[in-house]
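Colleague: Need a 3D model of the following:
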Amino acid sequence: MANINLASEGGVVNSAPQSGSHEFDATKTRTQGQLVLQRFLRHRLAMVSLGVFVFLVLFAFVGPFIWTYDYEDVSSRSYQPMSGTHPLGTTQVGKDMLALLMRGTGYSLQIALIVAALATAIGVTFGALAGYLRGFVDTALMRLVDLLLIIPQIAVAAIVVKGFSGSWYVVALVLAAFAWMQIARITRGETLSLAQREFIEAARACGASTPRIIFKHLVPNMIGSITVNATLAIAAAVLTEAALSFLGLGVQPPDTSLGVIVLENYGQFLNRPWLFWGPFIVLVSLSLAVNFIGDGLRDAFDPRQTKVRA
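Modeller: This is a model prediction of the structure:
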């Protein structure tokens, strides 16, 4: 209703509505992506972990270009203590531990990212196919998943890695071959639910092919769970690679990783603890940071979270 104001002189009636009186501005409505981003930014632990993860990435890939020593430099004396020249001391052969730690962190990150990318791609594809096609395809793929889950991963990885000289990319491929099954199961479950929705029925009625329905309609609607699972796969790959390398079944020299560095220096735990605790703290920090980022993403994509007002 327009506001009626009488003028002080002449009793003129002003019936013009006041501008800006609306309580809701449609232009300020946030999209789903903005809501997800805002929820993630409000997750304090996830933001701190993201900062730690970015720092470790810069430490691994930018640090070697800034740091004085190369990871292959053996010109220093062996087992030097911590100092301004060598903040984490030197190894038995005279390598600077900080430079070696940068190199090992870089290799561990490369392995983890490759494992997460391959495992996510394979798991999402197989899971979406099984959930959408159902029937024989679903049964065959899920029995394959069950079979691979009971195979001892460490034993197979040891045989394959030893047979291919233990290069870091071989370790990444072996770990990826055993990391996609859980992602496939989760994706299948979501696909079974989404396949009954109206927009999928409409796509079928329009004559869309199976690949188009899966990758154009189903996968985009599962982007939340896919992102979370990919993040958690990174953390799992970091720990699995470190465990294999610590047992001598993972990355082999001249390549290195955090697990290899811990293996080479765990004997100095009492005499020169900085050689052990340096790589160990980086390994734990990397794993925890990625896990907490995954928790933050899971909460951000959860529609049951409190929505931000427009």
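Colleague: Quick one: low-confidence residue ranges for the stretch 151-300 of the chain.
Modeller: Within the stretch 151-300 of the chain, the segments meeting pLDDT under 70 span 165-166.
Colleague: what do you get if the cut-off is 80, keeping everything else the same?
Modeller: For the stretch 151-300 of the chain, the stretches flagged by pLDDT under 80 are 153-154, 157-158, 161-166, 253-254.
Colleague: and the longest helix seen in the chain, what's its mean pLDDT?
Modeller: Identified as the longest helix of the chain according to DSSP state H is helix 97-133. Helix 97-133 shows a mean pLDDT of 93.
Colleague: ok, now stretch 70-78?
Modeller: For stretch 70-78, the mean pLDDT works out to 85.
Colleague: Send over that stretch as PDB, restricted to the C-alpha atoms.
Modeller: Provided in PDB are the C-alpha atoms of stretch 70-78 (Å, rounded to 0.1, in the frame of the first residue of the first chain):
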ATOM      1  CA  ASP A  70      70.600 -29.600  -3.600                       C
ATOM      2  CA  TYR A  71      69.200 -32.900  -2.300                       C
ATOM      3  CA  GLU A  72      72.000 -34.800  -4.100                       C
ATOM      4  CA  ASP A  73      74.800 -32.600  -2.700                       C
ATOM      5  CA  VAL A  74      77.100 -34.700  -0.400                       C
ATOM      6  CA  SER A  75      79.800 -32.100   0.100                       C
ATOM      7  CA  SER A  76      78.900 -31.500   3.800                       C
ATOM      8  CA  ARG A  77      80.200 -33.600   6.700                       C
ATOM      9  CA  SER A  78      78.000 -36.500   7.800                       C
END
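Colleague: circling back: packing partners for the longest helix of the chain?
Modeller: Packing partners of helix 97-133 (3 or more CB pairs under 8 Å, 6 or more residues apart in numbering; DSSP states H and E): helix 44-61, helix 63-66, helix 135-150, helix 168-177, helix 181-194, helix 223-246, helix 258-265, helix 273-301. Using the backbone N, CA and C atoms, a C-beta is placed for each residue, glycine as well.
Colleague: again, only using 6 Å
Modeller: helix 44-61, helix 135-150, helix 168-177, helix 181-194, helix 223-246, helix 258-265, helix 273-301 (3 or more CB pairs under 6 Å, 6 or more residues apart in numbering; DSSP states H and E).
Colleague: among these, which is the most enclosed?
Modeller: Mean neighbour count (mean count of other CB atoms under 10 Å) peaks for helix 258-265 among these, with a mean of 25.
Colleague: counting contacts, what elements does it pack onto?
Modeller: Secondary elements touching helix 258-265 (3+ CB pairs under 6 Å, 6+ apart): helix 97-133, helix 223-246, helix 273-301.
Colleague: ok and that helix relative to helix 273-301, angle-wise?
Modeller: Interaxial angle of helix 258-265 relative to helix 273-301 (axes from the mean of the first three to the mean of the last three CA atoms, to 10 degrees): 160 degrees.
Colleague: What lies in contact with helix 258-265?
Modeller: Helix 258-265 is contacted by residues 104, 108, 241-242, 245-246, 250-251, 275-276, 279-280, 283 when judged by CB atoms under 6 Å, 6 or more residues apart in numbering.
Colleague: cool, and stretch 217-234?
Modeller: 112, 116, 119-120, 124, 128, 179, 183, 190-191, 194, 203, 290, 293-294, 297-298, 301.
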